[in-house]
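> Starting from these lines, generate the structure:
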Amino acid sequence: MMTVRFRRIPTPQGRVPQLPRHATAGAAGADLTANIDAPLTLAPMARAVIPTGLAMELPDAGYGAFVFARSGLGIKHGLTLSNGVGVIDSDYRGEVSVGLVNLSDRAYTIQPGERIAQLCILPVMQFTAVEAEELAQTGRGTGGFGSTGRQ
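Predicted coordinates for the structure are as follows:
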């Protein structure tokens, strides 16, 4: 198991965030919580950047941290990440924030300390881009969206 160092950043009123934790032994993501001093209501189609009160230190450039939506918030309340997936580079040391958007037709109120996203640490590989005149052929070829199954 990997150890990741986190620095806690209190809110203006002194609220200290909890460290990310996996809810179960088999959980892939660790919960990130809203480090806010008061409830925050997101109107339908509104966006907000929610601080987590956490900065982190990944071990090296072979790892990235990725912020994913919580399925319960998305399915039950229409809350999802405004940027799809948040990518945290190994050399970033600032506070991790979560961009949320309310895609439902009802307002949703985020409570202080509420679980708003999940964090996964994954191996990554940097690459060098090289231009090529042609690419190797495959069975799929250039078939795009929906080309391998039901459309």
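> mind showing which ranges of the protein have poor pLDDT?
By pLDDT under 70, the low-scoring segments of the chain are 146-151.
> now do 80
143-151 (pLDDT under 80).
> Tell me what the spatially closest residue to Asn102 that is not a sequence neighbour is bridged to.
The spatial neighbour of Asn102 that comes closest, neighbours along the chain excluded (C-beta to C-beta, 6 or more residues apart in numbering), is Leu42 at 4.1 Å. Where you see a C-beta, it was placed from the backbone N, CA and C, and this is true even at glycine. Beta bridges link Leu42 to Tyr108, judged by DSSP bridges.
> Touching, Leu42 and Ala48? I think so.
Yes - Leu42 sits in contact with Ala48 when judged by C-beta atoms under 8 Å, with a separation of 5.7 Å.
> If you count surrounding residues, which of these two has more?
Using other C-beta atoms under 10 Å as the criterion, Leu42 and Ala48 rank with Leu42 on top: 21 against 18.
> how near is the more buried one to Gln118?
The span separating Leu42 from Gln118 equals 18 Å under the rule C-beta to C-beta, to the nearest Å.
> picking that back up, so what's the residue nearest to Asn102 up against?
Neighbour list for Leu42: Ala48, Leu79, Leu100, Val101, Asn102, Ala107, Tyr108, Thr109, Ile110 [criterion: C-beta atoms under 8 Å, 6 or more residues apart in numbering].
> How about the backbone phi and psi for the last one?
Okay, so that is Ile110. Recorded main-chain torsions at Ile110 are phi -90, psi 130, according to degrees, to the nearest 10.
> does it really touch Val98, like I thought?
No - the pair Ile110 and Val98 does not pass the contact test of C-beta under 8 Å, sitting 9.9 Å apart.
> So Gly74: helix, strand or coil?
In three-state terms, and counting by DSSP: H, G, I helix; E, B strand; the rest coil, Gly74 is helix.
> For burial, what's the neighbour tally of it?
Residues within reach of Gly74, counting by other C-beta under 10 Å, total 15.
> which non-adjacent residue is nearest it?
If you skip the residues right next to it in sequence, Gly74 has Thr80 as its closest partner in space, 4.7 Å away by C-beta to C-beta, 6+ apart.
> which residue ranges form the strands in this protein?
Chain-ordered strands for the chain, with DSSP state E as the definition, fall at 5-8, 30-33, 40-42, 47-57, 63-69, 79-81, 86-88, 95-102, 108-110, 115-123.
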